[in-house]
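Peer 1: Have a look; sequence and predicted model below, questions after that.
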Amino acid sequence: MNFVEELRWRGMLHDIMPGTEDELNKQMTSGYIGFDPTADSLHVGHLTQIMTLIHFQRAGHRPVALVGGATGMVGDPSGKSAERNLLSEEILNHNVKCLEHQLKKFLDFNCGANSAEMVNNYDWFKNFTFLDFIRDVGKHLTVNYMMAKDSVKKRLEGDTGMSFTEFSYQLVQGYDFYYLWKERNCQVQMGGSDQWGNIVTGTELIRRKAAGTAYAITTQLIKKADGTKFGKTESGAVWLDPAKTSPYKFYQFWLNTTDSDAKSWIRIFTLKSQPEIEQLENEHDEAPHLRILQKALAEEITIRTHSDDALQTALKTSEFLFGNGSLEFLQSLSETEIMEVFEGLPQFKISKDELAAGITATDLLAEKTAVFPSKGEARKMITGGGVSVNKEKVPDPVQLFSSANLIKGKFLVAQKGKKNYFLIIAG
RNA sequence: GGGGGGGUUCCAGAGCGGUCAAAUGGGACGGACUGUAAAUCCGUUACUUCGGUUUCGAAGGUUCGAAUCCUUCCCCCCCCA
């Protein structure tokens, strides 16, 4: 398998430095991608980079996943229009651990010569003093060169300015590449297309400081057909951490992609072969409403990111919530089955006694539970016909609910709109 | 250090003494339509016991009345040195 060719037909390739392809075809090569610990979990936006590493390894090369314990302290200005807040060391350490844990899932760390490797740039930066850094690294690049970078230029032209800290980011990342090149024989750095400038600073540093050669590959930034940002939903980013985004929500995110996005994403986010994908596309075009592509896409990514079991639960949940989700169906389930269906969906507890006395819809949904942040909003939404309890529209904000409404004497199912479910447990 | 421009509701951005809970656009949410899609259309978008109550960087002040005027403070940006 030819790595670059693979990226190319999948539509992932954005830019590649001349000579990179020859180098990769010549021998097993080591390449890395950096992930900055800006949060305690990766999100779907990172999956492109993860897939790139997976392809890299499948092509017989050695992938290195770098977690940016040091770069995370600085803050990458690429693609950012404003200065970012610095994270405390404590939070960063926590984030680094979380990211390492997640990344381990996707790559094979024990397969001989091309086993994956995990590194943290804090390890080589923690004892690097400021003076040493500006002498050994800063001296090799001119400010003129650094200012010509897009990430810098945009901020200088904009009206928010840029701190010296963020200006220095490219040097820090550039040194990472130099270090890995020198110490780990890492020849290639990959990343999203917004990383081109930072990556090239690294190859430049390697050239000037050690007269060495290194290579760069960037991947396409994932765009949605409608131009909106990829990876965001109503409830924010789609995380890989099941505690932050349940496997059900994760599955739903992919299932809900538009037809045109699904066609490009199935190439990027699954390992299916070209004939397989073309076959699926044909089937899809014949009966688009079956959403064959979306299902194939969602299933494969959910398994890779979470697990087979998680997918089964997600499927079961989807089946209930969007399929034959009648009240009778719910009543036919056992308590544990109900809990399973609602696993990963928001749940609230209320006291049985309070319910026995009767509670109005607004109190129930805004005060006793946090389905709505305020009573006013609950009232507006109910009046607008957007709220159901136990699959039945709530006609009036002051409608009373009591123990008699409980399913299995224990549950109430609240719905905000069509897709947002909440389980209320009386106990 | 000097000069200039700013900080408005989720965001952008109007308002510049009363008619302002604050235009407009975007986003978000809900409804109709549908394929759990896209597009389109409609509604909502500070809190409320629906009497009111708290908002326009912060604190004071002027006024019958302030987001709008004054004072001090905090923060941001640009330019010059």
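Peer 2: Sure thing, it's come through. Residues are numbered from 1 along each chain as shown, chains lettered A, B, ... in the order given.

Peer 1: only C-alpha atoms for contact and neighbour calcs from this point on.
Peer 2: Noted.

Peer 1: Okay, helices next: where are they in the stretch 251-400 of chain A?
Peer 2: A:259-269, A:274-286, A:292-305, A:308-322, A:327-331, A:335-341, A:352-356, A:361-362, A:375-383 (DSSP state H, counting those that start in this stretch).

Peer 1: can you redo the ones you listed as CSV with mean pLDDT, distance to RNA strand B and mean neighbour count?
Peer 2: What follows is the helices of the stretch 251-400 of chain A, written out as CSV (pLDDT from 0 to 100; distance: least, CA to the nearest atom of the strand, whole Å; neighbours: other CA atoms under 10 Å):
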stretch, mean pLDDT, distance to RNA strand B, mean neighbour count
helix A:259-269, 90, 5, 20
helix A:274-286, 93, 9, 14
helix A:292-305, 94, 7, 21
helix A:308-322, 87, 5, 17
helix A:327-331, 79, 17, 13
helix A:335-341, 85, 13, 15
helix A:352-356, 90, 17, 15
helix A:361-362, 92, 8, 25
helix A:375-383, 91, 3, 17
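
Peer 1: can you pull out the strands in the stretch 51-200 of chain A?
Peer 2: Applying DSSP state E, counting those that start in this stretch to the stretch 51-200 of chain A gives strands spanning A:62-67, A:117-120, A:186-192.

Peer 1: and the second one, which residues are buried?
Peer 2: The neighbour-count criterion (16 or more other CA atoms under 10 Å) identifies A:117, A:119-120 as the buried residues of strand A:117-120.

Peer 1: Who are the packing partners of it?
Peer 2: Counting by 3 or more CA pairs under 8 Å, 6 or more residues apart in numbering; DSSP states H and E, the packing neighbours recorded for strand A:117-120 are strand A:62-67.

Peer 1: Just checking: what are the partner strands of the strand it packs on?
Peer 2: strand A:30-35 (parallel), strand A:117-120 (parallel) (DSSP bridges).

Peer 1: pLDDT on that strand, on average?
Peer 2: Averaged over strand A:62-67, pLDDT sits at 97.

Peer 1: Please determine how far the residue of chain A positioned farthest from its centre is located from RNA strand B.
Peer 2: Distance from the C-alpha centroid of chain A, by CA atoms, centre = their mean, peaks at A:Ala357 (44.7 Å). Note on A:Ala357: its distance to RNA strand B, by CA to the nearest atom of the strand, to the nearest Å, is 18 Å.

Peer 1: ok, the buried residues of strand A:117-120 vs A:Gln173, which is closest?
Peer 2: Taking CA to CA as the measure, A:Gln173 lies nearest A:Asn120 of the buried residues of strand A:117-120, at 11.9 Å.

Peer 1: The closest one contacts A:Val67, correct?
Peer 2: Yes - A:Asn120 lies in contact with A:Val67 (CA atoms under 8 Å); the separation is 4.8 Å.

Peer 1: A:Phe250 and A:Asp241 touch, don't they?
Peer 2: No - checked against CA under 8 Å, the pair A:Phe250 and A:Asp241 is beyond contact range at 9.7 Å.

Peer 1: Neighbour count for the two, which is higher?
Peer 2: A:Phe250 (24 against 19; other CA atoms under 10 Å).

Peer 1: and that one, what is it in contact with?
Peer 2: Residues near A:Phe250 by CA atoms under 8 Å, 6 or more residues apart in numbering: A:238-240, A:302.

Peer 1: And A:Lys416, by the same measure?
Peer 2: A:371, A:386-388.

Peer 1: Show me what the helix ranked longest in chain A is packed against.
Peer 2: Using DSSP state H, we find that the single longest helix of chain A is helix A:164-184. Applying 3+ CA pairs under 8 Å, 6+ apart, one finds that helix A:164-184 contacts helix A:71-74, strand A:186-192, helix A:196-210.
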